[in-house]
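Visitor: Turn this into a structure:
(one chain, ligands or ions: 2)
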Amino acid sequence: MDDTAGQANFDALMAADSRVEPRDWMPEAYRRTLVRQISQHAHSEIIGMQPEANWITRAPSLRRKAILMAKVQDEAGHGLYLYSAAETLGTPRDEMMEALIAGKARYSSIFNYPAVSWADMGAIGWLVDGAAICNQVPLCRASYGPYARAMVRICKEESFHQRQGFEILLELSRGSAVQKQMAQDAVNRWYAPSLMMFGPPDDDSPNSLQSMAWNIKRFSNDELRSRFVGMMVEQVEVLGLTLPDDQIRFNEETKKWEHGPLDWNEFKDVLAGHGPCNAQRLERRRSAHDDGAWVREAAAAYAAKQQAAVAA
Ligand SMILES: [Fe+2]
Ligand SMILES: [Fe+2]
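Guide: Ligands and ions are numbered 1, 2, ... in the order given. Take a look at the predicted model:
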């Protein structure tokens, strides 16, 4: 298909709100946007394993340990689905991984904050995975087929993650005064960073409009953030805790939830590499990559042997 016919076909797919598949012609900018978004998303999943993996050995019971291990493993799986989806756009996984460990690729800034107490496992599950679900459910209808299909499975697992986080907080909140305070402190720490996971405000989000025109993004950052606040307001009451924001209110006119100001300078700073754990997270990823080299080599040698056997 030449570019003119390809573009016409692509435009028709967009107009019909239909799916683009790897074999289809697509504009270079659409391909680049998707590779950037999907690989950043994949990086976030695997870097996001770290703050929680740090607590596996310190989980307060065998049951909690088993659940947390399963959750961290799920995040590795999410990374794999997403790297695979990004590869269908023609960028090899090695290249994406190189960009991550060289510090050239971005991932969600929230994973550069430390998890300082067991209650953070609850707050991360409840708020961070909760924000991820809000963001990702609409991506199940994203125009690029492999991405949308990966998101369906990921979202199912994310809702389990959110429930396990909620349950950790609920148990602490119903425990001793010290435990309840621990839960509240964790919610206080993760609240603002989780709101910032939706990205900058709409008037400072230059790529959003194009992503919406391409049916990748379905709702604006502020719209999703507002929905998330509404969900959390209801759930925090069940938890018997509070959100550290006295400006939350439901605007009857706009029918939207509003919240207090967020520190976008901090957000940009953390994104630029100056958060409390950026260096530690990348260092850990680099050493995990080096430690895993023999596994990749062995797997490649095994695959080559299998292929040779089939060819013979
Ligand atoms: Fe995930
Ligand atoms: Fe998750």
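
Visitor: Pull the residues that contact the helix or strand hosting V236.
Guide: Element membership of V236 [criterion: DSSP states H and E] is helix 221-239. The contact list for helix 221-239, computed with Cβ atoms under 8 Å, 6 or more residues apart in numbering, reads 126-127, 130-131, 134-135, 138, 166, 169-170, 173, 183, 187, 194-195, 198-202, 205, 208, 219, 242-243, 248, 250, 256-259. All C-beta atoms are positioned from the backbone trio N, CA, C, and that covers glycine.

Visitor: show me where this structure has helices.
Guide: 3-15, 28-47, 49-53, 62-87, 93-101, 119-123, 129-136, 145-173, 177-196, 208-213, 221-239, 264-269, 278-291, 293-311 (DSSP state H).

Visitor: pLDDT averaged over the last one - what is it?
Guide: Think helix 293-311. Mean per-residue pLDDT for helix 293-311: 95.

Visitor: between it and helix 93-101, how many degrees?
Guide: Per axes from the mean of the first three to the mean of the last three Cα atoms, to 10 degrees, the angle that helix 293-311 makes with helix 93-101 is 170 degrees.

Visitor: Which of the helices of the chain sits closest to Y113?
Guide: helix 177-196 (5.7 Å; Cβ to Cβ).

Visitor: can you pull the buried residues of the closest one?
Guide: Neighbour counts over helix 177-196 (16 or more other Cβ atoms under 10 Å) mark 180, 182-187, 189-196 as buried.

Visitor: Those residues also near ligand 1: which ones?
Guide: Among the buried residues of helix 177-196, proximity to ligand 1 is found for none (Cβ under 5 Å from the ion).

Visitor: closest to ligand 2 among the residues you listed?
Guide: Distance to ligand 2 across the buried residues of helix 177-196 (Cβ to the ion) is lowest for S194, with 12.4 Å.

Visitor: That closest one reaches A131, doesn't it?
Guide: Yes: with contact defined as Cβ atoms under 8 Å, S194 counts as touching A131 (4.6 Å).

Visitor: ok, now which ones touch Y30?
Guide: With Cβ under 8 Å, 6+ apart, Y30 has these contacts: 10, 20, 214.

Visitor: can we see that at 10 Å?
Guide: Going by Cβ atoms under 10 Å, 6 or more residues apart in numbering, Y30 touches 10, 14, 20, 89, 143-144, 210-211, 213-214, 216.

Visitor: ditto for C277
Guide: Contacts of C277 (Cβ under 10 Å, 6+ apart): 47, 50-51, 111-115, 270, 283-284.

Visitor: Please save the CA atoms from the helix or strand of the chain with the lowest mean pLDDT in CSV.
Guide: Using mean pLDDT, DSSP states H and E, helix 208-213 stands out as the lowest-scoring helix or strand of the chain, at a mean of 92. The C-alpha trace of helix 208-213 is given here as CSV (Å, rounded to 0.1, in the frame of the first residue of the first chain):
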residue,chain,number,x,y,z
SER,A,208,-2.9,14.8,24.7
LEU,A,209,-5.0,16.3,21.9
GLN,A,210,-3.2,14.3,19.2
SER,A,211,-3.4,11.1,21.2
MET,A,212,-7.1,11.7,21.6
ALA,A,213,-7.5,12.3,17.8
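
Visitor: which outside residues touch it?
Guide: For helix 208-213, the surrounding residues in contact (Cβ under 10 Å, 6+ apart) are 14, 29-30, 33-34, 37, 142-143, 199-200, 202, 205, 216-222.

Visitor: just the buried members of the residues you listed?
Guide: If you count burial by 16+ other Cβ under 10 Å, the buried members of the contacts of helix 208-213 come out as 30, 33-34, 37, 142-143, 199-200, 205, 216-222.
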